[in-house]
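[1] I'd like to go over a predicted model; first the sequence, then the structure.
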Protein chains: 2
Amino acid sequence: MITELNSKQVEKISKALGDPYRLQIMDMISKRKDFMQCCEVSECFNLAQSTMSHHLKQLVEAELLVAEKEGRNLRFTINREICEAYSRYIARLGF
Amino acid sequence: MITELNSKQVEKISKALGDPYRLQIMDMISKRKDFMQCCEVSECFNLAQSTMSHHLKQLVEAELLVAEKEGRNLRFTINREICEAYSRYIARLGF
DNA sequence: TTTAAATATCTAAATATTTCGATGTTTTGA
DNA sequence: TCAAAACATCGAAATATTTAGATATTTAAA
């Protein structure tokens, strides 16, 4: 089934991507074959743990990332479905 | 020639699209065959003229829109090149 | 040339976002 | 059980964005 985003979702996704740290996080995780651990992501940035948590939450809430608990760890994967849907929405703007 | 966006550009474009008014503006203009006049865009929103000017400026600065002066009017067109480049960047995240 | 229309810019207030430190929760391992 | 690791949440300060009103600029039309 093909996901169609409404404008509220597109706004939220855009906002999530409109920050240099969050964009870098997406880039990093997208380069992985599978997932990336939360603490591993955090190590790449010189930000407080609570700040990283906040950024990651926004990406998850925008559904760009999927978070899975694995014991006391958290694994993030790219939500391909949403990325593709967002990409299609944008492509249609420039039709 | 295929435009490749750097991450600063992607950030700026994302930020520009992360607002409900600006997203609506993009949607409206993208539905046109050709261009849309600035004052025509403004009429669709219940915002002060200076506020509209500000929003449109951000879309132009993100290069999502191209502005052309036509006498004392302003014509906006979608920058297809940039929309496609941004769309491709996003698509690659979800690879 | 004077006036009015279309747009831009400046300033300031209101609001939202970012960031951190402190603290809370959950889970693992000693 | 107890301590530590991984993560979340809360509160507050710093910063950025949104918005409008006032004013400036440019151009067309009377």
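    That came through, no problem.
[2] near chain B, which residues of chain A show up?
    A:7-8, A:10-12, A:14-20, A:23-24, A:26-27, A:30, A:64, A:78-84, A:86-88, A:90-95 (CB under 8 Å from any CB of the partner chain). All C-beta spots, glycine's among them, are computed from the backbone N, C-alpha and C.
[3] swap in 7 Å and give it another go.
    A:7, A:10-11, A:14-15, A:17-20, A:23, A:26, A:30, A:78, A:80, A:83-84, A:86-87, A:90-91, A:93-95 (CB under 7 Å from any CB of the partner chain).
[4] which members of those are positioned in helices?
    A:7, A:10-11, A:14-15, A:17, A:20, A:23, A:26, A:30, A:80, A:83-84, A:86-87, A:90-91, A:93-94 (DSSP state H).
[5] buried members of those into PyMOL, please.
    Buried members of these, defined by 16 or more other CB atoms under 10 Å in any protein chain shown, are picked up in PyMOL with:
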select buried, chain A and resi 10+11+14+15+17+23+26+30+83+84+86+87+90+91+93+94
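[6] check contacts around residue A:58.
    When contacts are counted by CB atoms under 7 Å, 6 or more residues apart in numbering or on different chains, residue A:58 touches A:16, A:22.
[7] okay, and it sits in which element?
    Per DSSP states H and E: residue A:58 is located in helix A:49-61.
[8] mind listing what's buried along that helix?
    Neighbour counts over helix A:49-61 (16+ other CB under 10 Å) mark A:52, A:55-56, A:58-60 as buried.
[9] so can I have CSV of those residues showing pLDDT?
    Formatted as CSV, the buried residues of helix A:49-61 follow (pLDDT from 0 to 100):
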residue, pLDDT
A:52, 98
A:55, 98
A:56, 98
A:58, 98
A:59, 98
A:60, 98
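[10] a markdown table for those, including distance to residue A:42?
    Listed next are the buried residues of helix A:49-61 as a markdown table, based on distance: CB to CB, whole Å:
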| residue | distance to residue A:42 |
| --- | --- |
| A:52 | 4 |
| A:55 | 10 |
| A:56 | 8 |
| A:58 | 15 |
| A:59 | 13 |
| A:60 | 14 |
